[in-house]
Structures are given as structure tokens and as C-alpha cells.
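In: A predicted structure for the sequence below; I have some questions about it.
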Amino acid sequence: MTDARRRAGGGLSEAEAIELAKQGDAEAFEALYDLHKRRVYSLCLRMTANTAEAEDLTQEAFLQLFRKIGTFRGESAFSTWLHRMAVNVVLMRLRKKGLPVVPLEETVETEEDTPKKELGGPDPALAGSLDRLQLERAIEALPPGYRSIFVLHDVEGFEHNEIADMVGCSIGNSKSQLHKARMKLRELLKTSRAAKATRP
Amino acid sequence: MTCAEMEHVLPEIMEGVRTADQEAHLQNCRECSGILADLDEIRQRARSLHASEEPSSRVWESISTTLGEWRSETDVIAEQARELQASEEPSPRVWDSIQATLNEWRSEMNEISAEAGVLADSEPSPRVWNSLEIELRKAGLIRRPEPPVASGRSSGWRWAWLAPVAAALLVVGVTLSQRGHAPQGPASVATLPMASLEDQKMLDAVALRAPSMRAVYENNLRRVNAYIRDAEQSVKNDPTDPEAQESLVNAYEQKSMVYEMALDRSLP
Amino acid sequence: MENRLRAARITGVLIIAAVLMVAAETRKEYHFPVGAKASVSVTNPYGPISVKPATGNEVVVTAITHTDKVEIDQSQSGDRVDILSHLLAGADSQSGRVDYEIQVPSDANVTLHSSTGPMRAEKLQGDVNLEGTTAVVEVRDLNNAHVHVRTMEGPVTLTNVRDAHVDITSVSGSVVLTDVTGRFVQVNSASGAIRYDGDFGTGGEYLLTSHSGDIDAVAPGYASVDVTARSVTGQVENDFPLQPKHTPFTVKVGSAFSGTMGKAASSVRLLSFSGKIHFRKR
């Protein structure tokens, strides 16, 4: 528990912390960091699949929060506002590195990227046998463009119109790329499972 | 329905939209129903990854250090400002130091804003649109759409933005007054006045996006420019005339509407 | 004989063309359950949009596309529904056309954007925002609504809109208001003609202004108004015997008049730069 919370008798609400942080209260800002660090860091980690990069981006997102918290008017939930800020920080970094944020519909996919069609009979279902670690590894192995869309929609819960707005694509593109990302994940998970099964 | 057709509509089915045909196929096709079940499992499992990771303590330490540095810099600036107030003659060294720090902050802010701008505008030819938008917003010629106002609003509110409109008037009015136009009656569209450089840029941008609409925008822009010209002349003739002032506000509202429509990328 | 053969051939071609057209049409229907004061936005560059009240608490969207050059993007976030006709590469005003019929709860706020339209809204009570470039705009049978229309050259018609806040901006499209009354009714036109036919209600502010478009206000003898009319260079006519009022406004025969009728419940201002103004008796 931080001093700010102790000072307030252990009951500093998020709204109170925001108002104090706007006035430069360091402890209130730390309280906000504690409240939201997991969500911001998880987002950065999933989008970049790199721990060091994710920590760097988390730091950048919160520093930007410190600079801009004075502009927060309460028109949306604070977590939504911060979340979008974090997404923009990540997307800016990806663009700086020249990495695709979202594959364009017109882009010709590589052999490696395109989800393969099923061959042979049906495989055992994933349902009931998919664990978190397997899924995390599969997400890390996704091409960056697919990874962004999948993380923003299925992990972080953004709607397609929000994603389209943030990354600069059409809603239709967002939907079709999400589907391809999920199909690719399915393929990666099946391949990994098959590889495990054949290991001595 | 075939499996190939089913694959095509899987995204819609995942969103809960399915027809009787599609339902029937899923009941009878193990492969397709298997794929759907797998995708659904992936989607549901993905939610469990939300906010699931904890950053190391290094992250907060780094943030805290940076915030401390910023606070020190702010204190230095504040101290220098106090010195400045107290001294009879400002030392050039003090000014140089303050300006250097402010310039650093300014370029940092500009970098962030520019990157945010690049992020927001990722369509073809963003520079044309952005430079137009920025110039128009600076001139107060376009503004964000406002929500409908509750009853009881009188026409008095309209004077509230006469000030920025008057500023825009200076820009356009000087240009037009140099041409020495007098109020004229209705004229054919082709003879109506055109265009500042911004108007031409806007029309060129419309032509890039929707060539068939260029003529529509050009004709209407001419009409609006004629409106502005005549309204400005009326105000010049009698600056105290409230109807003339209102006319000028109306004319600029029209122009801002044309620009907003031209810059609206959701429509041709 | 030859003529009959030719006629038969032409008929055959027309039938085939019609069949092909129908075959290329795709009809989709979407349902969105919503709560009170839902917000519905439709952006459709090419094609008609028609909005009517729904029977239940849901938004029903029926969209007909005519080619595969356009796709429907639809999304819902809480009580906000967004529909967008997404034009694909090579789409034009024919191939990119989508025909929409939308049903919304009557208290929903509706925003329609279209380039060619037409756009129609009827029997609603929420906020209605319509924006078009050349689209015909028709609004009718609204009660206690906010109506905002922006158009470059599409004609605008409002009929039977009561107790409303109306704000219309048109560059060259004509504006016709029939039986439109409310707290605030404003039309700003550059060269489009403005016609008002109604009694101006029982207490509101009516402002009809133009640059060169003619303004025609038709009212019954029982209208209760405080009216001011002026055209800088155009002709001004008045059919009513008005009571004079104390005002700094300068009355000038043929260019400006001012006065009251009845209890002067509503304020009416008819202003133009070079358009003709006629305050007519019905």
C-alpha cells in the first residue's frame, strides 16, 4: 500500500488518484501505475513478443500518461483512455521499425504467412486441450501484422471500429485479418501438437 | 452449401450471424464444425491472457527516475524565472538556459504529436489533407461537429465565434479588397470568383479522391466565395450593421461546411 | 415480320439483363438489440438510405449491394451502431451503390452521410443529422426532434416537423419547409431557393437567410409573428398588413420591411443579399 493510500486511510479511489496526479502528486501517480501496469505491460508484451521491448514501451506509455494526464476530462473511462494511449505508443514503435501493423488487403502474403488449408482427415479438436502457455507461444510465432490484430481484438477486447480507427484500416480489413490470424494460430497450434506427439 | 463457401462466411458465423443453410452444414460436416470449435476455443482462451503479465520492478524504477529528473528541471526553470523577476537586468545566460530547456521540451512534444499525426493519417496523400486541415483549424474555418444543443438556445450564441472568423476575414479580406470588388448581382457560376491557393489545393485533393466530384465542389465553392465577397463588402460599408455581420458569419459557415465535406474521407 | 423479330430480340436482351442484375444483387439483414436513445450512424457514399421507426428495441438494417465492389462494415458498441459502405478498388457510383432500409427505435439519434443519396427519415423523435453532397434529403413527420441538415446542392424537403430544432445549411440546393414549427428553425443558403409554407408556430425563432437564393414565406392570415425582411439588392414584397414596431431596423420600400401580426408570438427574419423575398398570404 502506498503512502497516498495510507494518508487517505487506505481508501484512495482511482478518481481521487487521477485528480491528485493531475496536480503532480507522485504517490497518486504511483497508485495509478499499480492499478494499470499489468494491463499495459501485457498489451505491450503480446504486441511485441519481446520482454525488454515491452518494458521499454510500458515505461514510455506511463511517462506519456504523466505528461498528458492534465488533458483527461473524464469523457471516457480512464482505463480506456490509458489503454488507447498505450496502443498508440506500441503502434508508433512498430511503424518506426518498419514492421507491418496490419497487413493490407492488397498485400500479397508470403507462403509462410498464409494459413494452410486442411489436408487429409480432421485433426483432434483444440477445445478442452489448449493451455495458456501453448497459446502464448503460438501468438509469439504469429507474423507481426496478424499478431497486432489478434491481440487488440481477442486479447484486449477492442472492437473492429476502434481497431480500424487506431491502425488506419477499414473495418472490413480488420475483420478479415483477424480471421486469418485465428486460422494461422490454429495451424501453429496443430503443428506444435503434432511435433510433440512425434518426439521420442 | 460447400465447405469452401462455409470457409468464406466463418468470420460472420463467429460473430453470431448464421443462416439456416449454414447451421445445417455445420450439423453435418465434422471438419467445418471442428474448425469453428477450434477458432472459438482460441478466441475464448485469448481473453485469459488479458492483463496477465506483471512488469518487473525495473519499469517503475526507471519511470520514477525520469519523473524525478523532470521535476528537478522544472524546479531549475522555476528558480531561474524567480531570479529573472527579482533581477533588474536579466542575465543573457539565464534566458539562454531557459530557452534551451523549453526548446527541448517543445521538440519532444512536437515529435510525439507528429508521430500521433502519422499514426492517425495513414491513407494515401496524408500531407495534402493534413496541411489543409491544420491551416483551416488555425484559421478557425473548421471546427469539430458539436452535439445538438438543447432547447432555449437563442441566436446570440452565433456571435461567440465571430472573433476567429474575423481573424480569417483579415486573411481573405485583404486579398479581396486588393481586387477592389463591388457588390454584384447574381452571375453565372463561371463568372463567380475563385479561389485562394487553399481552395485550389482542396479541389486538387478532391479530384485525386473522386474526380467526378471536382466540378460539384468547384461550382459550390464559387457560390460560397461570392457570398463571402458580398458579405464582406456589406460589413465594410457599415461595420455596425448586425444583419451584415450575421451574413458574414453565415457565409463563412458555408465555406467551412464545404471544406469539411471535402476533407471527409468517408465520402467521395 | 422483321420488326417483330427485332422487338423479340430486344425483349430477350432486356430480360437477360434484368436477370443478371437481380442475380448480382445481394441482400443482407442485420439486427442490433439496443437500449434507449441508441445512436445509429450510416455512411453510404452511393445509394439511398431510408430510416423509419422500428417496432421493438432493436436496429434492423437491410442492405442491398449490386456488385462485389462494395462491402458492408457493421459494428455495435453498446447502444451505438455504425454502418459503413466500404468501397473496394475500382468501385464507382454504379458498382459501389448500396440500398439501405433502416429501422430504429423512434427515440434513436440518427446520423446519415451520403454523397448521392437520396436520404429519407420519417416518424422519429431523436436527433436526426443528415449530410450529403448532391443527395436529395427528405424528412417528414418528426416530433420534438433536432434536425440538422448539411448539403451542397441536394434539395432538402421537411414536411410536418413539429416542436423541433431545425438547422439547415445548403449551398445551392433548394430548401422547402412545409408545416415546420419549433423553438428554433434556421436555414442558411447561398444560392439555393428557400420556401417556407406554414404558420410559424406559437413561439419560436425562424431565421431564413440566403445570399442570392429567393426566399418565399407563405403563411395564413392568423399567423402570429414579428417579421423582419431585407434584401440588399433584391426585391422585397409583403402581402400582409403589418403593425409597425419600434425598432432601429430601417424600413425601405422594395428592399426591407418590418412589423408584427397578431400577438407576435414567433420571431421571423428573412434576409438575403441579392435574392427576392416575398412574404405571401396563403
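Out: The structure has been received and is ready for your questions.
In: going forward, measure contacts between C-alpha atoms and count neighbours the same way
Out: Will do.
In: Spell out which parts of chain C neighbour chain A.
Out: Counting by C-alpha under 8 Å from any C-alpha of the partner chain, the residues of chain C close to chain A are C:71-75, C:77, C:86.
In: The same query, at a cut-off of 6 Å, please.
Out: Contacts of chain C with chain A, taken as C-alpha under 6 Å from any C-alpha of the partner chain, map to C:Asp73.
In: Spell out which residues make up each domain of chain C.
Out: C:25-120, C:136-282 (automatic domain parsing).
In: and those domains as TSV, adding mean neighbour count?
Out: Listed next are the domains of chain C as TSV, based on neighbours: other C-alpha atoms under 10 Å in any protein chain shown:
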stretch	mean neighbour count
domain C:25-120	19
domain C:136-282	21
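In: Can you add distance to B:Ser72 and mean pLDDT and give those domains back as CSV?
Out: Below are these laid out as CSV (distance: least, C-alpha to C-alpha, whole Å; pLDDT from 0 to 100):
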stretch, distance to B:Ser72, mean pLDDT
domain C:25-120, 44, 91
domain C:136-282, 52, 91
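In: so which strand or helix has B:Glu61?
Out: Mapping B:Glu61 onto the secondary structure by DSSP states H and E places it in helix B:57-86.
In: That should have said A:Leu57, apologies.
Out: Assigned by DSSP H and E, A:Leu57 belongs to helix A:51-68.
In: Output that helix in PDB with nothing but the alpha carbons.
Out: Listed in PDB are the C-alpha atoms of helix A:51-68, where the atom choice follows Å, rounded to 0.1, in the frame of the first residue of the first chain:
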ATOM      1  CA  THR A  51      10.100  -8.700 -22.800                       C
ATOM      2  CA  ALA A  52      12.700  -5.900 -23.000                       C
ATOM      3  CA  GLU A  53      10.800  -4.000 -25.600                       C
ATOM      4  CA  ALA A  54       7.600  -4.400 -23.700                       C
ATOM      5  CA  GLU A  55       9.200  -3.000 -20.500                       C
ATOM      6  CA  ASP A  56      10.500  -0.100 -22.500                       C
ATOM      7  CA  LEU A  57       7.100   0.600 -24.100                       C
ATOM      8  CA  THR A  58       5.400   0.300 -20.700                       C
ATOM      9  CA  GLN A  59       7.700   3.000 -19.300                       C
ATOM     10  CA  GLU A  60       7.100   5.200 -22.400                       C
ATOM     11  CA  ALA A  61       3.300   4.800 -22.000                       C
ATOM     12  CA  PHE A  62       3.300   5.800 -18.400                       C
ATOM     13  CA  LEU A  63       5.600   8.800 -19.000                       C
ATOM     14  CA  GLN A  64       3.200   9.900 -21.700                       C
ATOM     15  CA  LEU A  65       0.400   9.500 -19.200                       C
ATOM     16  CA  PHE A  66       2.200  11.700 -16.800                       C
ATOM     17  CA  ARG A  67       2.600  14.400 -19.500                       C
ATOM     18  CA  LYS A  68      -1.000  14.200 -20.700                       C
END
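In: The following helix or strand past it packs against which elements?
Out: As assigned by DSSP H and E, the chain's next helix or strand after helix A:51-68 is helix A:78-96. Under the contact criterion of 3 or more C-alpha pairs under 6 Å, 6 or more residues apart in numbering or on different chains; DSSP states H and E, helix A:78-96 touches no helix or strand at all.
In: Give me the average confidence score over helix A:78-96.
Out: The average pLDDT within helix A:78-96 is 87.
In: And B:Asn225, how far from C:Thr169?
Out: Distance, B:Asn225 to C:Thr169, by C-alpha to C-alpha, to the nearest Å: 15 Å.
In: do B:Met257 as well
Out: From B:Met257 to C:Thr169 the distance is 8 Å (C-alpha to C-alpha).
In: With A:His160 instead?
Out: For A:His160, the distance to C:Thr169 - C-alpha to C-alpha - is 33 Å.
In: ok so, going back, any chance you could list what contacts the helix holding A:Leu57?
Out: Applying C-alpha atoms under 6 Å, 6 or more residues apart in numbering or on different chains, the contact partners of helix A:51-68 are A:41, A:44-45, A:86, B:59, B:63.
In: Please apply the same query to stretch C:218-236.
Out: By C-alpha under 6 Å, 6+ apart, stretch C:218-236 touches C:196-199, C:254-278, C:280-282.
In: and residue 180, helix, strand or coil?
Out: Going with chain A. The three-state label given to A:Lys180 by DSSP: H, G, I helix; E, B strand; the rest coil is helix.
In: switch to chain C, that's the one I care about
Out: Following three-state DSSP, C:Val180 is assigned to strand.
In: for the strand or helix carrying C:Ser50, packing partners?
Out: Using DSSP H and E, C:Ser50 sits within strand C:49-53. Applying 3+ C-alpha pairs under 6 Å, 6+ apart, we find strand C:49-53 packed against strand C:98-104, strand C:119-122.
In: do that again at 10 Å, thanks
Out: On a contact count with 3 or more C-alpha pairs under 10 Å, 6 or more residues apart in numbering or on different chains; DSSP states H and E, strand C:49-53 meets strand C:58-65, strand C:98-104, strand C:109-114, strand C:119-122, strand C:137-143.
In: Please name the strands paired to the second one in the sheet, noting orientation.
Out: Just to be clear, that refers to strand C:98-104. strand C:49-53 (parallel), strand C:58-65 (antiparallel) (DSSP bridges).
In: Following the chain past the longest one, name the next helix or strand.
Out: Looking back up the chat, that one is strand C:58-65. Later in the chain than strand C:58-65, the nearest helix or strand by DSSP H and E is strand C:70-77.
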